[in-house]
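Visitor: Coordinates only, no sequence provided:
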């Protein structure tokens, strides 16, 4: 497994502070230069870097460990596009309070909440500058007082409200879970958010039982794949999964009974065709009008579980129109409607459950058991270096992934950096080509449209001519009748 | 068991049609005369009686069985008070369609929906004239074609959308369930609605698990007692139950951990005192402002299950103010609120589930198993004759019952009728006495209030006098300071 045994690069603190790597995403200038000079760091970034470094500058001359202990961290410097998450270097060993552990991070998981947070749409992330990230995997490097069930060297996965996208994290030991034998660091970073979310939704709110039917939106996404696998642990559950057609083969193999291409089909109609009575459970990460559709698809005793508002995400920066529309169309329900339909509407978000240690523990224990039995296994879509976080977020936001997107703390190798630069150049060329193609296609479409219009005109003329003929014939017949 | 073997009284049809017993409730004149002369039958009642008799009048002379087959039935003749449910005689043997069975009814169960229906507040009951009642127990008297799993003589309990308050019912055989060994007809009539409702709410929507906490409103009512017993089938469940103080001993013995007198205490405060974090499940039969209170009492992953609007019932006739208030205060919730709270809001009513045979079967099977294991047992509050349906409804609506109120089809004996008449007279006297007491109390209260006001005035005066003293002293001190 890549990066498992490679120690995180520990560069000289002074040097690092100067370097302050900017993420390559979005800005074409830096994309083509994977190792940008310090001049590209904006004043904003510099300010946040200073804020992120906990120890004041004069402390650098003090103790050797405080001086040399540095680690790279992704920092959200302000709300906006992909380039708002920057790679910075933090200096000074974080202090460990009682009950806490320090983890040397190997891999981090990307979640939809991180995309929402970047746009300022997720209130559980503290204000920028702040390190995002709700989950990671790694090795325990130090334990605080009163921590009895963790020791240095333990491989753990970590679930936390935020702050997981960095090389070193300090968290309450209750937020760490021992990795089962045979689990990779990628899998461990992919598991917590998606599987606990899917598990609690399906089995606590949903009370999923044999022979039931479930609609899973974004079935190729992290929660989608987790939910599908968990559905398959119950006998004869029918899974309807929405995803673009190119992903259907993979999600079918993963357990989706009826994949639906939501881009070309009306998923409500498709579900009704197969299951006229509707569904037992609808998992809804979309919000807005899709929540209404989901509610109307419920059978008696059906449960709609809303766990996000992905419809708010349109483009990399906050799209006020999409946000307003999703808000405006937000589902609200009266108890009388619920009573008459015998229905349930639930809301779930793990981010608001972070203090519910007992509930999380129960779900995690159950999920780990299923992992050990080989019944669930996170599917990794792709792994990005911290430097590539912009690309990683873009892949997720544009819904190109099948499975989990992972960030690795393993530093990029020089050859990789060069390759990346090449790719970026190619991408640019491709984009130009694409743009040209698009332009050509537009022109062609326009021509076609015009041709069609002409055809229609011709048809209309022909029809009118026919009508005239008919009228003439009718007249003839009338004349005949009169003659008779 | 009373009435089990007594054949239902089969009176002469012609005679009965004339008699058309009016229920004694509400009208003091008829209350004192349990066997009123036909003159008391209103024209409305006569019209509905004609409508209720399926066979036309001339048919009476035809076949002997059609002529002699009559049975008594309670009929809701119009929306309103207790006297709107009248005892009438239906004539002619009902036809059996394929898949149906005819049941000779022994006992019927009373439900809140019946009270709502009488006031025109329950849309699952067809328009009057109609026989109310969702459940009964009895013996199969005839089976239709294609009925293979029931035979004449089977003791059954019946669950149906309406029409169960009569001596003979014809229903789909799928709506009947064989009574377990040792179950009385009273228990069988008390079980279906309350236990299936409580079971599906707690275990399907609620997903009740060990160590959880549940709020049961009207804990001495039919659903309340069923829910409490079902909670006790799960380890270490804490049950908060609201009921007036006089019922606390009984409901505590039945399994309520913390009885709360909602008449003298704020139940929200009482729950918070014992369970500061709130509750896992709230069963809400009340509606209106109580639904809001219940929602705010939920823990993360908590479920509010709304299954009625008992707050709409104020007085025996439709109280427009209570209905409007309950409507106006009806709970409505946005998905965002649910997401941020990790909460679930569910609506349940068995009346809207009548076509869901499979779901009902599953729940009934589970409840019957628990009955056989001795883990649940309906508690009968009281049994009334069909003639006494008004009193029965009054007892329920005024919340005087602890457990289920049952109607028996066994005819009233002459001595009972006389006793009833005596009681009614006594009741009247008591009412007069009560009224006098109330008047006296009002006068006394007024006196007390006036005395209190006087006291307050005195206190105010004293306080003002004190203030004046203080001011005087302060002045003295100031003078002293100046002197120094």
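Guide: Alright, I've got the coordinates. Please read these numbers as outputs of a predicted model, since none were measured by experiment.

Visitor: which residue packs closest to residue A:258, ignoring adjacent ones?
Guide: Closest residue to residue A:258 apart from its sequence neighbours, by Cβ to Cβ, 6 or more residues apart in numbering or on different chains: residue A:240 at 4.8 Å. No exception for glycine: its C-beta is placed from N, CA and C like everyone else's.

Visitor: What are the phi and psi values at that neighbour?
Guide: phi -90, psi 130 (degrees, to the nearest 10).

Visitor: And the pLDDT at it?
Guide: Reading off the confidence values, residue A:240 has pLDDT 98.

Visitor: Then residue A:469?
Guide: pLDDT, residue A:469: 55.

Visitor: How far does stretch A:122-136 sit from its chain's centre?
Guide: 15 Å (Cα atoms, centre = their mean, to the nearest Å).

Visitor: Any buried residues in it, and which?
Guide: A:122, A:124-125, A:128-136 (16 or more other Cβ atoms under 10 Å in any protein chain shown).

Visitor: now, among those residues, which is nearest to residue A:81?
Guide: residue A:128 (13.3 Å; Cβ to Cβ).

Visitor: Can you tell me which residues in the stretch 151-300 of chain A are near chain B?
Guide: A:200, A:203-205, A:207, A:287, A:291, A:300 (Cβ under 8 Å from any Cβ of the partner chain).

Visitor: Neighbour count and distance to residue A:375 added to those residues, as TSV?
Guide: Supplementary listing: those in TSV, determined by neighbours: other Cβ atoms under 10 Å in any protein chain shown; distance: Cβ to Cβ, whole Å:
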residue	neighbour count	distance to residue A:375
A:200	26	17
A:203	17	13
A:204	21	18
A:205	28	21
A:207	18	19
A:287	23	30
A:291	25	30
A:300	17	30
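
Visitor: Could you tell me which ranges of chain A sit under the pLDDT cut-off?
Guide: A:1-67, A:423-484 (pLDDT under 70).

Visitor: which among the buried residues of stretch A:122-136 gets closest to chain B?
Guide: The nearest member of the buried residues of stretch A:122-136 to chain B, counting by Cβ to the nearest Cβ, is residue A:124 at 9.2 Å.

Visitor: Quickly list the domain ranges of chain A.
Guide: Here the domain assignment for chain A is A:66-190, A:194-353, based on the TED database.

Visitor: Which of the buried residues of stretch A:122-136 fall in strands?
Guide: A:135-136 (DSSP state E).

Visitor: related to what we said a few turns ago, of the domains of chain A, which is nearest residue B:406?
Guide: domain A:194-353 (25.7 Å).

Visitor: ok, for whatever residue of the stretch 51-200 of chain A ends up closest to chain B, nearest residue in space, not its chain neighbours?
Guide: With Cβ to the nearest Cβ, the shortest gap between the stretch 51-200 of chain A and chain B falls at residue A:200, namely 7.0 Å. Excluding the flanking residues, the one nearest residue A:200 by Cβ to Cβ, 6+ apart is residue A:363, at 5.3 Å.

Visitor: ditto for residue A:146
Guide: residue A:98 (4.9 Å).

Visitor: and what of residue A:366?
Guide: Nearest one to residue A:366, counting by Cβ to Cβ, 6+ apart, is residue A:199 at 6.2 Å.

Visitor: Would you agree that neighbour is in contact with residue A:230?
Guide: Yes. The criterion here is Cβ atoms under 8 Å, and residue A:199 meets it with residue A:230 at 6.0 Å.

Visitor: who has more neighbours, the two?
Guide: Neighbour tally, residue A:199 and residue A:230, criterion other Cβ atoms under 10 Å in any protein chain shown: the higher count belongs to residue A:230, 26 against 22.

Visitor: so who does the more buried one touch?
Guide: A:195, A:198-199, A:202-203, A:208, A:370, A:376 (Cβ atoms under 8 Å, 6 or more residues apart in numbering or on different chains).

Visitor: Considering the residues you listed, which possesses the most neighbours?
Guide: residue A:198 (28 neighbours).

Visitor: any idea which element that one lies in?
Guide: Using DSSP states H and E, residue A:198 sits in helix A:192-199.

Visitor: Packing partners of that helix?
Guide: Judged by 3 or more Cβ pairs under 8 Å, 6 or more residues apart in numbering or on different chains; DSSP states H and E, helix A:192-199 is in contact with strand A:100-109, strand A:155-159, helix A:222-231, helix A:357-372.

Visitor: so the next helix-or-strand element following the shortest one versus strand A:155-159, what angle?
Guide: What that stands for is strand A:155-159. Next helix or strand after strand A:155-159 toward the C-terminus (DSSP H and E): strand A:168-172. With axes from the mean of the first three to the mean of the last three Cα atoms, to 10 degrees applied, the angle from strand A:168-172 to strand A:155-159 works out at 70 degrees.

Visitor: Partner strands of the helix or strand that strand A:168-172 is followed by and their direction?
Guide: Going down the chain from strand A:168-172, the next helix or strand is strand A:176-178, by DSSP H and E. Using DSSP bridges, strand A:176-178 pairs in its sheet with strand A:155-159 (antiparallel).

Visitor: What are the contacting residues of the strand it pairs with?
Guide: Contacts of strand A:155-159 (Cβ under 8 Å, 6+ apart): A:101, A:103, A:134-140, A:150, A:164, A:169, A:171, A:175-179, A:185, A:188-189, A:191-193, A:196, A:350, A:360, A:364.

Visitor: Whichever of those residues end up buried, select them in ChimeraX.
Guide: Selection of buried members from the contacts of strand A:155-159 for ChimeraX, criterion 16+ other Cβ under 10 Å:
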select /A:101,103,134,135,136,137,138,139,140,150,164,169,171,175,176,177,179,185,188,189,191,192,193,196,350,360,364
